[in-house]
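S.K.: okay, here's the prediction I keep looking at, along with the sequence it came from:
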Amino acid sequence: MRFRALSLTAGLLCASAFAVAGDAPADTVSATSHLSEGRLLYGRYMAIAGDCAACHTRPDGKPFEGGLPIETPFGTLYTPNITPSTGSGIGTFSDEDFLHALQDGISPSGLPYYPALPYPSYTKVKDDDLLAIKDYLMSLEPSAYQPPENDLRWPFSVRDAMFGWQDIYFDKGRFEPDPERSDEWNRGAYLVEGLGHCGACHTPRNLAAATEPSEAMTGAIVDGWYAPNLTSDLHQGLGRWSVDALATFLRTGLASADPDATDSDPSDAPATAALGPMAEVVHQSLSKLAASDLRAIAVYLKDLPAKAEPGHRPQRPEILTETQYEQGRALYVKNCSACHQDHGQGLQPYFPALRGNPVVNQEQPNDVLKILLLGAPADPTQAFSAHVVMPSFGAVLSDEQLATVASYIRANWGNDAPPVTAKEVKALRK
Ligand code: HEC
Ligand code: HEC
Ligand code: HEC
């Protein structure tokens, strides 16, 4: 990839004012040779904000050449090659074709795309920002790789079925800034609702896999993980986060507890680490954005009115039996306390506290169980814990033991999330 040599740090890049650093590409593809380097870097930045490479790159594949399987309620889709290859990629796309695809969800041959391409979010993005992405993509080396055929269930295998879906669920149109709000708020809203497509994971979907605008950002299950509520709800959402803590989390994947907190005066600030799909979002996209953009995102999120997940019951601390508690404690001492410490207080900055931890306290046990089953992927973005990983307990502990230890950490040290069953662990194992 031509731009790999340009190492751009978040601080250096600013989406509005561009100070371009690095070497100019020596050989430039003719189709884009008239474009300035600033334009291509701007396009690259916008492609990072849209996290296009995350979906359009398969493991061990070249960036943007596609082939990543995406499981949907309609079956398995393989992402297309979006390098400028004319046979395998999007080399023949005109500017209009590209905008029509991303803003309207319609292919150059006039057929609808599946919403696994997050066009319900990208429809909000300005023409010029999308065309900058196109210019950048067109400057890359073409790849002849052909992704596998989609494996979709009837009737969804017939693309025309998606016309009906678009009629009912797709709300087309560009982002409209709110003149009552600050530029920073509007920039955050534009990024979150448009390229950032945060709602694609954090908003619940109905049976037709469409997100419900009235439930925007109230939390949803993605690939077995739980993408939490991002509204300002005090218990389920970001109500306790400061703008600074949130901006830091978006850049590093870590939120650290207040170091001055003590047992008798515990910090109210959240301490957590992005470990699942969010670790990838942070690693591939958010950690590479300008500090001003991350702050804008945090300002906008912190202003989302509090809204609890639909059908959510008020939290009811459920007490473990004495036997469950003793068994849980024994498992915790043997397997966990060396790192997370006796009272679940953790050891900053290496081991996150489990006490007061938002992941541990989620009503849905999905993320705790996934972390226990899989361990934490070594993610270089998480600068503080790159060398100390959360081990995987999937092969070490039984479903019963995992349920017991998870229930223990969810009910101890002031945590008050409901217990977990072995059945729930089993369901997440596959
Ligand atoms: C969440 C995964 C995901 C993300 C993120 C994503 N895409 Fe895609 N994209 C897809 C899928 C899946 C398809 C194919 C949809 C279909 O076949 O109906 C697709 C199709 C496309 C197409 C049409 C290609 C063709 O050959 O018809 C283009 C162009 C495209 N994406 C560009 C982008 C750009 C630019 C970005 C970033 C701004 C992006 N995508 C981000 C999943 C994604
Ligand atoms: C060798 C040290 C080590 C051991 C042993 C260990 N962990 Fe962890 N754990 C970590 C680290 C490090 C992280 C943070 C990983 C990261 O940031 O990538 C973590 C993260 C977690 C998280 C996610 C916290 C968050 O905020 O996202 C949970 C929950 C957790 N551990 C529970 C446990 C339980 C329960 C056990 C025992 C069964 C255990 N851990 C054993 C090191 C350990
Ligand atoms: C691919 C799906 C996906 C996308 C896209 C995504 N998230 Fe997440 N996010 C998750 C999941 C899953 C978690 C929780 C588990 C984890 O760490 O992966 C999470 C966790 C978070 C958390 C921590 C919340 C808490 O209470 O601990 C914040 C904040 C967050 N995401 C913000 C964002 C923002 C802002 C965007 C858009 C720029 C975004 N996310 C896009 C899946 C996603």
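M.R.: Arrived safely. Ligands and ions are numbered 1, 2, ... in the order given.

S.K.: what about the residue of the stretch 1-150 of the chain found nearest ligand 2, neighbour count?
M.R.: Relative to ligand 2, the nearest point of the stretch 1-150 of the chain is Ala54 (18.3 Å; Cβ to the nearest ligand atom). In short, each C-beta sits where N, CA and C put it, glycine included. Residues contacting Ala54 under the criterion other Cβ atoms under 10 Å number 17.

S.K.: that one contacts Val281, doesn't it?
M.R.: Yes - between Ala54 and Val281 there is a contact at 7.4 Å, judged by Cβ atoms under 8 Å.

S.K.: sorry, back to before: dump the residue contacts of the residue of the stretch 1-150 of the chain closest to ligand 2.
M.R.: Applying Cβ atoms under 8 Å, 6 or more residues apart in numbering to Ala54 gives the contacts Glu280, Val281, Gln284, Ser285.

S.K.: how far away is it from ligand 3?
M.R.: 8 Å (Cβ to the nearest ligand atom, to the nearest Å).

S.K.: swap in His283?
M.R.: For His283, the distance to ligand 3 - Cβ to the nearest ligand atom - is 11 Å.

S.K.: and for Val333?
M.R.: Val333 is 26 Å from ligand 3, by Cβ to the nearest ligand atom.

S.K.: what's the neighbour count on the residue nearest to that residue when sequence neighbours are not counted?
M.R.: Counting by Cβ to Cβ, 6 or more residues apart in numbering, Val333 lies nearest to Asp342, which is 8.0 Å off, once chain neighbours are set aside. As a burial measure, Asp342 scores 11 neighbours (other Cβ under 10 Å).

S.K.: tally of neighbours for Gln327?
M.R.: Using other Cβ under 10 Å: Gln327 sits among 18 other residues.

S.K.: same check, this time on Ile133
M.R.: Using other Cβ under 10 Å, Ile133 has 26 other residues around it.

S.K.: give the contact list for it.
M.R.: Counted by Cβ under 8 Å, 6+ apart, Ile133 has contacts Gly43, Met46, Ala47, Gly50, Cys52.

S.K.: now name the helix or strand holding the residue nearest to Val333.
M.R.: Counting by DSSP states H and E, no helix or strand carries Asp342.

S.K.: same question, Ala330
M.R.: helix 322-335.

S.K.: quick check: what element follows that helix along the chain?
M.R.: Helix 322-335 is succeeded, C-terminally, by helix 337-340 (DSSP H and E).

S.K.: with adjacent residues omitted, what lies nearest to Phe249?
M.R.: Ala255 (4.4 Å).

S.K.: neighbours around that neighbour, how many?
M.R.: 22.

S.K.: also Thr421?
M.R.: Thr421 has 15 nearby residues by other Cβ under 10 Å.

S.K.: ends of stretch 355-367, how far apart?
M.R.: 15 Å (Cα to Cα, to the nearest Å).

S.K.: what's the closest non-adjacent residue to Pro365?
M.R.: Per Cβ to Cβ, 6+ apart, closest to Pro365 is Val420, 4.5 Å.

S.K.: what about that neighbour, which helix or strand?
M.R.: Assigned by DSSP H and E, Val420 falls outside every helix and strand.

S.K.: you'd agree it is up against Tyr408?
M.R.: No - using Cβ under 8 Å as the test, Val420 is too far from Tyr408 to be in contact (9.6 Å).

S.K.: and the residue nearest to Phe249, how far from Asp183?
M.R.: Distance of Ala255 to Asp183, computed by Cβ to Cβ, to the nearest Å: 26 Å.

S.K.: how about the contacts made by the one residue in the stretch 51-200 of the chain that gets nearest to ligand 3?
M.R.: Going by Cβ to the nearest ligand atom, ligand 3 is nearest to Cys198 of the stretch 51-200 of the chain, at 2.9 Å. By Cβ under 8 Å, 6+ apart, the contact list for Cys198 reads Val192, Met217, Leu230.

S.K.: run through those and flag the ones next to ligand 3.
M.R.: Val192, Leu230 (Cβ under 6 Å from any ligand atom).

S.K.: and the contacts of Cys198 as JSON lines, adding secondary structure?
M.R.: Converted to JSON lines, the contacts of Cys198 look like this (DSSP: H, G, I helix; E, B strand; the rest coil):
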{"residue": "Val192", "secondary structure": "helix"}
{"residue": "Met217", "secondary structure": "coil"}
{"residue": "Leu230", "secondary structure": "coil"}
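
S.K.: who does the least confident helix or strand in the chain by mean pLDDT pair up with?
M.R.: Taking mean pLDDT, DSSP states H and E as the measure, the chain has strand 272-273 as its least confident helix or strand, at a mean of 80. Strand 272-273 has these partner strands in its sheet, going by DSSP bridges: strand 254-255 (antiparallel).
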